[in-house]
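Engineer: quick one, what's the 3D model for this:
(2 chains)
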Amino acid sequence: MEQELSYQLTFGTYADALRMVGAKNEPRTAATPVNGARIQLFASMVHDGNRSYWDTEFARQRWGGLLAPPALLMGWLVPPPWQPGGRPPAASLALRVPLPGTTFINAANDVEFFEPVVEGDVLTAVEELVSVSPEKQTRLGVGHFVETLDTYSRQDGTVVATSRNTLFRFTPGAPS
Amino acid sequence: MTGEDLDWNEITVPVDLPEVIDPISYQRVVENSGATWDYFPGHFDPEYARGQGNPTIYVNTMHLAGFADRVATDWAGPGSRVVRRSMRLAGSIYAGDTMIGRARAVGKRCDTSKDPPRYLIDIEIQVVNQHGALCCPVELTLQMPNVAPDR
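Structural biologist: Below is the predicted model of the structure:
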C-alpha cells in the first residue's frame, strides 16, 4: 500500500545506525513552490485567521507576499501522495537509519526561522543525522531517539531556516 | 504597523496571553494530513494508531506547532513573526481531545547583533488536553515590527 511505502523504514542494529551518524542526504527540492492554496489550507486546518496568511494586500506590504506559516516548514518538502510515474521513495533521512524499531513517533523539534518564507519561494532541504541514542524504554515501547538537523534554503541560496528534530523509533510494547 | 500589532515598547513582561481552546474532531485530524501531506498512518488510520499503543489517531507535529504559533501571533498581531520555536512532544492530542493553549510572555529583548536590530518577545506556551495533561511544552520567540528607537 502506498502509505506504507511512503514510510518504509530501514532495519538494522544500533551499531549499524551509529555508523550512519554524520551522514547527509543529497539536497531535496520541494515539488511545488510555496503557494497561497496550501498556505490557506494549513491556516484553515489550524483555525488561524492571521492576515499574513489570508490578506494578499496586507501580506504583500508586510512580507512581500502571503507568508508561509512557520509551522508548515517541513510540509513543503513532503512529496505529494501520488505523482505520475510513481511517488519517489520517502526521502526522510531519519527513517532510513537502520534500527530494529517497527514504527516511530516524533519527540521534539527546535526550529529557527532566519528569513520569512513567502509565496513563490522554492525550498531545498539538506538533512544530516546528528545522533542516535542508546536503547531506551518509554511508555510506548523500546527504541532509540534519532536526532536530525535539516537546513532549508530558498531559490537564491539564502538559508531561511534550520530544524533540529528528534523522533523515537520503537517497537510497541508495555514495559516488562 | 497596522494598529493591530502590539507595540514592543509597551509590552511589560511577564504577561499572560489569552487562553486558546480548540476542540479537535476526527475531521480536523484528517484535514491535518491533507494540509501537510503527512500521510503517516498514525494520523489517519485508527487501527494503525492503536497498534502503536495509542487510543486513536493523533495530530502531527506541524499542527501542534501551528497551534502554538497561533496562540502567540493572535496576541501580538499579524506584523509579528515566529523566529524560533522549541517544542517537546510529551503526549499526543488525539481525535476527540480538546487542545488548550496557555501562554505567558516572559522576556523582551532587543537583538542588536542584527542590522536593523530585532525587537523580540520570548513566550512560554503549554499545550494541554481537556484532562489537564501537558502534551507539548513550547518556547517561542516572536520578532515584532520595528519600533522607533529610543534616541
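Engineer: quick one: secondary structure of B:D69?
Structural biologist: helix (DSSP: H, G, I helix; E, B strand; the rest coil).
Engineer: does it touch A:A71 like I think?
Structural biologist: Yes - if you go by C-beta atoms under 8 Å, B:D69 and A:A71 touch, sitting 5.2 Å apart. From N, CA and C alone the C-beta is placed, and that goes for glycine too.
Engineer: anything in contact with each of these two?
Structural biologist: A:V46, B:R85 (C-beta atoms under 8 Å, 6 or more residues apart in numbering or on different chains).
Engineer: neighbours of the closest residue to A:V117 other than its chain neighbours, how many?
Structural biologist: In space, and not counting its chain neighbours, A:V117 is closest to A:A68: 4.1 Å by C-beta to C-beta, 6 or more residues apart in numbering or on different chains. Using other C-beta atoms under 10 Å in any protein chain shown, A:A68 has 28 other residues around it.
Engineer: pull the contacting residues for A:A68.
Structural biologist: Here A:A68 is in contact with A:V34, A:I39, A:W76, A:P116, A:V117, A:V118, A:E119, A:D121 (C-beta under 8 Å, 6+ apart).
Engineer: so what secondary structure elements neighbour the longest strand anywhere in chain B?
Structural biologist: For chain B, the strand with the greatest residue count under DSSP state E is strand B:98-111. For strand B:98-111, the packing partners by 3 or more C-beta pairs under 8 Å, 6 or more residues apart in numbering or on different chains; DSSP states H and E come out as strand B:15-16, strand B:20-23, helix B:61-76, strand B:118-128.
Engineer: any idea which of the ones you listed is most buried?
Structural biologist: Using mean count of other C-beta atoms under 10 Å in any protein chain shown, the stretch among these with the largest mean neighbour count is helix B:61-76, at a mean of 24.
Engineer: that one vs strand B:98-111, what angle?
Structural biologist: 60 degrees (axes from the mean of the first three to the mean of the last three C-alpha atoms, to 10 degrees).
Engineer: report the distance from helix B:61-76 to the chain centre.
Structural biologist: Relative to the chain's own centre, helix B:61-76 is displaced by 3 Å; criterion: C-alpha atoms, centre = their mean, to the nearest Å.
Engineer: now do that helix and strand B:118-128, the angle between them.
Structural biologist: With the same axes, to 10 degrees as the basis, helix B:61-76 and strand B:118-128 are set at 120 degrees to each other.
Engineer: which helices and strands sit right next to helix B:61-76?
Structural biologist: Short answer (3+ C-beta pairs under 8 Å, 6+ apart): helix B:61-76 packs on helix A:36-46, strand A:103-113, strand B:20-23, helix B:26-36, strand B:81-88, strand B:98-111, strand B:118-128, strand B:134-144.
Engineer: is the fourth one anywhere near chain A?
Structural biologist: Yes - residues of helix B:26-36 contacting chain A under C-beta under 8 Å from any C-beta of the partner chain: B:R28, B:E31, B:N32, B:G34, B:A35, B:T36.
Engineer: for burial, what's the neighbour tally of the first one?
Structural biologist: Each residue near B:R28 was counted by other C-beta under 10 Å, and the total is 18.
Engineer: tell me how far the closest residue to it other than its chain neighbours lies from B:P78.
Structural biologist: Distances taken as C-beta to C-beta, 6+ apart place A:M45 nearest to B:R28, at 6.8 Å, with adjacent residues excluded. A:M45 is 18 Å from B:P78, where distance means C-beta to C-beta, to the nearest Å.
Engineer: next: A:T13.
Structural biologist: 50 Å.
Engineer: between the two, point out the one with more neighbours.
Structural biologist: B:P78 (24 against 11).
Engineer: what about that one, which helix or strand?
Structural biologist: Assessed by DSSP states H and E, B:P78 sits outside every helix and strand.
Engineer: thank you kindly, that will do.
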